[in-house]
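Enquirer: next one to model:
(one chain, ligands or ions: 1)
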Amino acid sequence: MKLELVSFAICPFVQRAVIALKEKQVDFDITYIDLENPPAWFKLISPFGKVPLLKIDNEVLFESAIINEYLDEVYPPMLHPNDPLERAKHRGWIEFGSNLLFEQFKAVMATDEDAFQQQCEVLGGHFARVAQVVSDGPYFMGEQFSLLDTAYAPFFMRFEILKKHSEDLEDLLPTNLGVWGKALLQRESVSQSVVDDFEERFIRFGKSKGSFILADA
Ligand SMILES: N[C@@H](CCC(=O)N[C@@H](CS)C(=O)NCC(=O)O)C(=O)O
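Expert: The predicted model follows:
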């Protein structure tokens with residue numbers, strides 16, 4: 001099977017699939033598109049007009065969580081927990097992680113200090129929730145890296161960049177989330193899941209949108 005991931009270089013949802021593919025050591029091609037000027041072929045095959053898409057020979061999958069579920073079923077090692085109840089709980093928290101990414105994006109897009117601070121409060125509330133279910137580390141469920149970890153690593157990568165530009169973010173993360181994020185960022189599948197100049201591109205994108213937090217970056 002020939003796998004091709006359709007990507008936008010700084011998209012955290014694509015990054016989830018890249019991490020899963022790297023964990024499973026599966027060969028794949030990656031095609032980058034400009035989401036502000038998407039090619040016609042992309043519009044034809046992306047039902048929501050969003051990345052990621054995973055092309056498998058002539059088939060197309062969309063939605064990062066679905067793509068990663070498929071990869072987990074087809075390519076070993078299985079990263080989801082064995083127990084159906086645990087697996088269902090992980091799916092719920094993966095969904096929570098998607099929302100967290102959207103809330104983080106809103107913080108990046110906030111164009112003034114008030115809007116940014118408000119968004120930090122929202123993030124703080126979400127952190128407190130997920131902190132209740134995270135293990136003592138290193139990963140979400142302890143020693144074993146799981147599919148859920150692929151879903152949160154992109155969040156921590158962006159948080160690390162944002163932290164450099166706001167002291168307020170430093171104290172926002174509960175200790176166990178800090179431990180978790182650090183472990184994820186040290187993992188090879190995560191550190192190699194983005195383009196070499198990711199930080200620069202992320203900052204450039206934020207600045208181009210008038211981001212308050214990245215204004216002086
Ligand atoms: N729920 C989707 C979210 C994907 C998503 O929001 N992708 C963004 C880029 S990071 C996108 O393609 N946006 C284009 C648009 O909304 O027009 C998933 O998990 O795959």
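Enquirer: surely residue 108 touches residue 158?
Expert: Yes: counting by CB atoms under 8 Å, residue 158 is a contact partner of residue 108 at 7.5 Å. Glycine gets a C-beta too; all of them are placed from N, C-alpha and C.
Enquirer: and the most centrally placed residue in the chain, which helix or strand is it part of?
Expert: By CA atoms, centre = their mean, the chain has its centre lying nearest to residue 154, at 3.2 Å. According to DSSP states H and E, residue 154 maps onto helix 147-163.
Enquirer: what is that helix packed up against?
Expert: Counting contacts by 3 or more CB pairs under 8 Å, 6 or more residues apart in numbering; DSSP states H and E, the secondary-structure elements packed against helix 147-163 are helix 12-23, helix 64-74, helix 84-109, helix 167-170, helix 175-186, helix 188-191, helix 198-208.
Enquirer: what's the average pLDDT for that helix?
Expert: Along helix 147-163, the predicted local confidence has a mean pLDDT of 98.
Enquirer: what angle separates that helix from helix 64-74?
Expert: Calculated by axes from the mean of the first three to the mean of the last three CA atoms, to 10 degrees, helix 147-163 forms an angle of 140 degrees with helix 64-74.
Enquirer: does helix 147-163 reach the ligand?
Expert: No: using CB under 6 Å from any ligand atom, we find that helix 147-163 stays clear of the ligand, coming within 8.9 Å at best.
Enquirer: related to what we said a few turns ago, for residue 56, see how far away the residue nearest to the centre of the chain is.
Expert: 22 Å (CB to CB, to the nearest Å).
Enquirer: picking that back up, what is the distance between the helix holding residue 154 and the centre of its chain?
Expert: Average the C-alpha atoms of helix 147-163, do the same for its chain, and the two points are 6 Å apart (CA atoms, centre = their mean, to the nearest Å).
Enquirer: buried sites along it?
Expert: By neighbour count, with 16 or more other CB atoms under 10 Å as the criterion, the buried positions of helix 147-163 are 147-159, 161-163.
Enquirer: show me what from this structure comes close to the ligand.
Expert: Near the ligand, when you scan the chain using CB under 6 Å from any ligand atom, you find 8, 11, 13, 35, 49, 50, 51, 52, 63, 64, 65, 98.
Enquirer: chain neighbours aside, what residue packs nearest to the residue nearest to the centre of the chain?
Expert: residue 12 (3.4 Å; CB to CB, 6 or more residues apart in numbering).
Enquirer: name the helices or strands packed onto the helix or strand of the chain with the lowest mean pLDDT?
Expert: Ranking every helix and strand in the chain by mean pLDDT, DSSP states H and E puts helix 167-170 at the bottom, with a mean of 84. Based on contacts counted as 3+ CB pairs under 8 Å, 6+ apart, the elements that helix 167-170 packs against are helix 113-131, helix 147-163.
Enquirer: can you rerun that using 6 Å?
Expert: Contact analysis of helix 167-170 by 3 or more CB pairs under 6 Å, 6 or more residues apart in numbering; DSSP states H and E lists helix 147-163 as its packing neighbours.
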